[in-house]
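S.K.: Just a sequence and a predicted model for now, questions to come.
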Amino acid sequence: MLASLKNGMLLALQFFTVLPIRREVRMERSDITAMYMALPAVGIGLGGIVALALFGMKEFTDISSLLTAFVIVLGAVVLTGGLHLDGLADAGDAFFSYRDREKRFAIMEDPRIGAFGVMVLLFFVVGKIILVAEIVEAVPLAAVIAIPFAARIVLLILFASVKSAKTTGLAAYFQQHANRGKLVAATVVYTIIGAIILVLTTQWLLAIAVFAAMALFAFLYGSWCKKHFGGMTGDLFGAGVEGAELVLWIVLLLLI
């Protein structure tokens, strides 16, 4: 059990962050399940680094809100190696091609980025920087940590509830070998604990809004993926994380 949890955390750091974990890690069913169960914890770590950077810039520098927001957004991209943004760009290229499903899969597998992918990335990143800049002076640090945490709970929900669109690929392999029951249980536990902590550190309305928006986004995005792609792919998982974070920043903007 402990070995699987350790392997799961190492796999989560290897696949979903830029940290240089230079070792081969076992990938049995229990390890893959533990990897996904570790993702919200990884989100806390990523959010903690971003929150610490935000605190330092607010307390010890006089840089503008816009530059602070740029550093925050850039830092999040660097910490994940741009993995989820890459998925967002590929998903944008595929969806806006308006081609059949198989052609969309081929577009997502193409390592080159198309015009639609560039436009999606541009609007997304600029929009996120503007959102963060609007509230960066007032946002609670606990909420900054909660955003990547909740976005990765979305990943758990999608992984456990939406089938793979393909039978090949790393995401499909992971879905075939993970214990979905344990992922559902982890989702419930993480959500309850996260909501309680956010209530204690911010306010109850903010906590309810964040986790309600998280659940609603997961449902709507999962339904959209099933309708247009027949299920999930690795790129769609990545786009889901980025989309969830953007939605949660919007929630903070409306409430703070």
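M.R.: Perfect, I can see it now.

S.K.: ok, and for whichever strand or helix holds Val210, which residues are buried?
M.R.: Taking DSSP states H and E as the definition, Val210 sits inside helix 204-229. For helix 204-229, the neighbour count (16 or more other CB atoms under 10 Å) marks 206-207, 209-211, 213-214, 217-218, 221-222, 225, 229 as buried. Yep, even glycine has a C-beta here, placed from its N, CA and C like the rest.

S.K.: ditto for stretch 12-21
M.R.: So, applying 16+ other CB under 10 Å, buried residues of stretch 12-21: Ala12, Leu13, Gln14, Phe15, Phe16, Thr17.

S.K.: Around Pro40, how many other residues sit close by?
M.R.: A total of 25 residues lie near Pro40 under the criterion other CB atoms under 10 Å.

S.K.: so who does it touch?
M.R.: Phe149, Ala150, Arg152, Ile153, Leu156, Ala186, Tyr190, Gly194 (CB atoms under 8 Å, 6 or more residues apart in numbering).

S.K.: Can you name the element that comes right after the least confident helix or strand in the chain by mean pLDDT?
M.R.: When each helix and strand of the chain is scored by mean pLDDT, DSSP states H and E, helix 170-177 comes last, with a mean of 86. The helix or strand immediately downstream of helix 170-177 is helix 180-201, counting by DSSP H and E.

S.K.: quick check, nearest of the contacts of Pro40 to Leu52?
M.R.: Phe149 (14.9 Å; CB to CB).

S.K.: Would you verify that the closest one is located in a helix?
M.R.: Yes: when DSSP: H, G, I helix; E, B strand; the rest coil is applied, Phe149 is found to be in a helix.

S.K.: so who does it touch?
M.R.: Contact analysis of Phe149 by CB under 8 Å, 6+ apart lists Pro40, Gly43, Ile44, Gly47, Tyr190, Gly194.

S.K.: Just the buried ones from those?
M.R.: Among these, those buried by neighbour count (16+ other CB under 10 Å) are Pro40, Gly43, Ile44, Gly47, Tyr190, Gly194.

S.K.: quick one on the thing from earlier: rebuild the contacts of Pro40 as CSV, extending it with pLDDT and distance to Lys103.
M.R.: Formatted as CSV, the contacts of Pro40 follow (pLDDT from 0 to 100; distance: CB to CB, whole Å):
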residue, pLDDT, distance to Lys103
Phe149, 98, 36
Ala150, 98, 33
Arg152, 97, 30
Ile153, 98, 32
Leu156, 95, 30
Ala186, 96, 36
Tyr190, 97, 37
Gly194, 96, 39
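
S.K.: Dump the residues you listed into JSON lines; add distance to Ser4 as well.
M.R.: Converted to JSON lines, the contacts of Pro40 look like this (distance: CB to CB, whole Å):
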{"residue": "Phe149", "distance to Ser4": "22"}
{"residue": "Ala150", "distance to Ser4": "25"}
{"residue": "Arg152", "distance to Ser4": "19"}
{"residue": "Ile153", "distance to Ser4": "20"}
{"residue": "Leu156", "distance to Ser4": "17"}
{"residue": "Ala186", "distance to Ser4": "13"}
{"residue": "Tyr190", "distance to Ser4": "18"}
{"residue": "Gly194", "distance to Ser4": "23"}
